[in-house]
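J.: I would like to see how this sequence folds:
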Amino acid sequence: MDHQKRIERLSKLLRAEGLEALAVLPGPNLVYLTGLSFHLMERPVVGLFTASAPPRLVVPEFERPKAEAAEVRMELFPYGEQEGASLSAFQAALSGMPADGRAVGVEPLRARFHELGLLQAGSPQTRFVSAASLLASLRMAKDSAELAAIRRAVEIAQQALDQALPLIRLGMTEQELASELTVQLLRAGSEPEIPFSPIVATGANSAHPHAIPGDRRLAAGELLIIDWGATASGYISDLTRTFAVGEIDPELAEVHRVVEQANAAGRQAVGPGVPCGEVDRAARMVIASAGYGEFFLHRTGHGIGLEAHEPPFIRDGETARLEPGMTFTVEPGIYLAGRGGVRVEDNLVVTAQGGSSLTSTPRELRVVG
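T.: Have a look, this model is predicted:
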């Protein structure tokens with residue numbers, strides 16, 4: 001990963017947005033720009049990226065060696081454990097910020113009260129504003145190295161599912177299956193920090209899109225949703241398949257058929273220049289036409305990369321247009337309260353010619369148990 005080129009691209013975006021700098025906390029954006037990973041903890045770590053000067057990094061003293069070993073050269077502002085030391089470091093790092101009303105961008109979904117307070121105290125004359133649009137522009141289109149990592153994450157996830165499916169048996173709990181799948185993800189090569197804990201939901205629980213695996217046992221005649229992903233080189237995959245535990249009610253089988261068709265329609269709608277909302281509409285129309293529109297409870301998809309949920313968002317009314325290199329999910333679903341739910345989720349990449357599915361795990365309804 002060429003972090004220096006990413007920083008240079010960020011500098012251009014800062015000028016275009018009229019921002020003096022961008023303040024970044026530990027997490028995906030700091031990793032993207034520097035390769036450095038820190039814990040988000042009580043000791044603040046903040047990177048300051050300006051349009052014209054080398055990056056600055058406020059960091060605890062004991063993390064200095066890690067920062068010094070980074071590929072990207074940064075001006076470090078370390079601080080010790082004594083009371084008030086971090087504020088002094090922030091004041092030093094923010095010195096020289098112009099007082100002409102220009103703003104510094106912050107990560108709206110990650111900036112905490114703790115760091116924002118230190119930034120404001122360190123530079124009272126500076127306005128701190130959301131940098132959401134800038135960050136989306138920075139990371140939405142993936143380069144070849146990022147795409148290779150996502151493809152590897154997909155391969156690992158699919159291999160893990162293949163190893164876990166033969167272990168499914170009647171009477172095992174959702175939590176037991178989720179644990180088995182987690183083990184298989186690690187054995188298949190996922191990094192230990194998987195994107196999210198696998199969702200394993202059966203019976204009525206499968207009607208909750210973000211169900212948490214519990215002690216409900218797999219029983220014949222029910223649906224089983226498995227939503228899982230892997231991490232490779234920091235990049236993630238996010239897949240969902242729905243299974244039948246033994247023979248199920250014909251209507252539930254029909255619901256799966258409708259969702260499978262909606263998934264195909266969404267995938268076929270993908271292409272460069274297509275508004276994200278059109279992909280959502282293509283999938284949603286299939287479900288609505290079958291009479292289940294009110295039971296499709298969420299957007300059709302979301303971006304994937306260093307995070308499991310990031311731009312672009314495939315949702316109704318979204319006018320942002322797809323571009324080559326963008327990666328995201330297509331995951332329509334139908335959820336019947338008290339009975340069960342179906343979701344079929346694939347990972348897509350936009351190409352110059354259209355869209356390509358990164359996932360190949362069978363989508364049809366399979367019987368397990």
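J.: per-residue pLDDT, Ser52?
T.: At Ser52, the model reports a pLDDT of 84.
J.: neighbours around the residue lying closest to it once chain neighbours are set aside, how many?
T.: Spatial nearest neighbour of Ser52, excluding adjacent residues (C-beta to C-beta, 6 or more residues apart in numbering): Ser11 at 7.1 Å. Any C-beta I mention is one placed from the backbone N, CA and C, and that applies to glycine too. Using other C-beta atoms under 10 Å, Ser11 has 17 other residues around it.
J.: Mind checking what secondary structure Ser11 has?
T.: When classified by DSSP: H, G, I helix; E, B strand; the rest coil, Ser11 comes out as helix.
J.: Can you tell me the element Thr319 falls in?
T.: Counting by DSSP states H and E, there is no helix or strand that carries Thr319.
J.: out of everything not next to it in sequence, what's closest to it?
T.: In space, Thr319 is closest to Pro275, 5.3 Å off (C-beta to C-beta, 6+ apart).
J.: Show me what the one you found is bridged to.
T.: Residues in a beta bridge with Pro275, per DSSP bridges, are Arg321.
J.: Tell me if I'm right that it and Gly317 touch.
T.: No - between Pro275 and Gly317 there is no contact under C-beta atoms under 8 Å: 9.1 Å.
J.: higher neighbour count, these two?
T.: Neighbour totals were compared for Pro275 and Gly317, and Pro275 leads with 17 against 9 (other C-beta under 10 Å).
J.: Report pLDDT for the more buried one.
T.: Reported pLDDT for Pro275: 98.
J.: And the residue nearest the centre of the chain?
T.: Ala308 (1.8 Å; C-alpha atoms, centre = their mean).
J.: What is the three-state secondary structure of the residue lying closest to it once chain neighbours are set aside?
T.: Leaving out its chain neighbours, the residue that sits closest to Ala308 by C-beta to C-beta, 6+ apart is Pro195, at 4.4 Å. Assigned with three-state DSSP, Pro195 falls in the coil class.
J.: With just CA atoms, put stretch 37-57 into CSV.
T.: Extracted C-alpha coordinates of stretch 37-57, given in CSV (Å, rounded to 0.1, in the frame of the first residue of the first chain):
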residue,chain,number,x,y,z
SER,A,37,-3.0,0.8,14.1
PHE,A,38,-3.6,2.0,17.6
HIS,A,39,-6.2,1.1,20.2
LEU,A,40,-8.9,3.7,20.8
MET,A,41,-8.4,4.2,24.5
GLU,A,42,-8.3,6.7,27.3
ARG,A,43,-4.9,7.9,26.0
PRO,A,44,-5.7,9.9,22.9
VAL,A,45,-4.0,9.4,19.6
VAL,A,46,-4.8,11.9,16.8
GLY,A,47,-3.2,12.3,13.4
LEU,A,48,-3.3,15.8,11.8
PHE,A,49,-3.1,15.9,8.0
THR,A,50,-2.7,19.3,6.4
ALA,A,51,-2.8,20.4,2.8
SER,A,52,0.8,21.6,2.7
ALA,A,53,2.8,20.3,5.6
PRO,A,54,4.0,16.8,6.8
PRO,A,55,1.5,14.9,9.0
ARG,A,56,1.6,15.4,12.7
LEU,A,57,0.8,12.7,15.2
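J.: Understood, closing this out.
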